[in-house]
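Chemist: The amino acid sequence is not available; the structure is as follows:
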């Protein structure tokens, strides 16, 4: 009996090591070919797409819907009703907020919503790493710090 347990433990250990080996090989292959336009990258992209695809969903009556038009309708109906019902809750939310203690005073709020000063912008810009954080225009902080 002890011998069987020992062999089972050895087998489990070898199985774990084999799993780690396969994961490492897959990672090495991904590092070598993952971003290139290869059949490997296409297979991986298709696997991810299939894994993330919604194939079935329950409607509000609890019935399974598995056709793409039905799934689309269930999702649209759900979020449509969610956002439409939020309009009716506005008065309730305002009553709740009115009963809560204010944490931000009017003076604090004025300071938060006022426009930034040139000094504040310059200080923030000089705290950024020179070659990081390109803006929507693609320009890095080094450009604005130098020119």
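Modeler: Good, I have the coordinates. Since the model is a prediction, treat every value here as computed from it, not as a measurement.
Chemist: So residue 131, which state does it fall into?
Modeler: coil (DSSP: H, G, I helix; E, B strand; the rest coil).
Chemist: ok, it - contacts?
Modeler: The contact partners of residue 131, by Cβ atoms under 8 Å, 6 or more residues apart in numbering, come to 140, 141, 142. (C-beta placed from N, C-alpha, C; glycine too.)
Chemist: Any figure for the gap between the closest residue in space to the last one that isn't next to it in sequence and residue 51?
Modeler: On the basis of Cβ to Cβ, 6 or more residues apart in numbering, the spatially nearest residue to residue 142 that is not a chain neighbour turns out to be residue 130, at 4.2 Å. Distance, residue 130 to residue 51, using Cβ to Cβ, to the nearest Å: 40 Å.
Chemist: now do residue 76
Modeler: Residue 76 sits 23 Å away from residue 51, going by Cβ to Cβ.
Chemist: before we move on, what about residue 75?
Modeler: With Cβ to Cβ as the criterion, residue 75 and residue 51 are 18 Å apart.
Chemist: More neighbours: those two, which one.
Modeler: Remark: of residue 75 and residue 51, residue 75 carries more neighbours, 13 against 7, as counted by other Cβ atoms under 10 Å.
Chemist: Pull the contacting residues for the residue nearest to the more buried one when sequence neighbours are not counted.
Modeler: Take residue 75 and drop its neighbours on the chain: the residue closest to it by Cβ to Cβ, 6+ apart is residue 57, 7.2 Å away. Residue 57 makes contact with 64, 65, 71, 74, 75, according to Cβ under 8 Å, 6+ apart.
Chemist: what's the helix or strand for the fourth one?
Modeler: Okay, so that is residue 74. Per DSSP states H and E: residue 74 is located in helix 68-88.
Chemist: How many neighbouring residues does residue 49 have?
Modeler: By other Cβ under 10 Å, the burial measure for residue 49, its neighbour count, is 9.
Chemist: Tell me the confidence at it?
Modeler: What the model reports as pLDDT for residue 49 is 79.
Chemist: Helices along the chain, start to end?
Modeler: Shown for the chain, the helices assigned by DSSP state H span residues 2-33, 39-52, 68-88, 90-99, 106-113, 118-127, 141-146.
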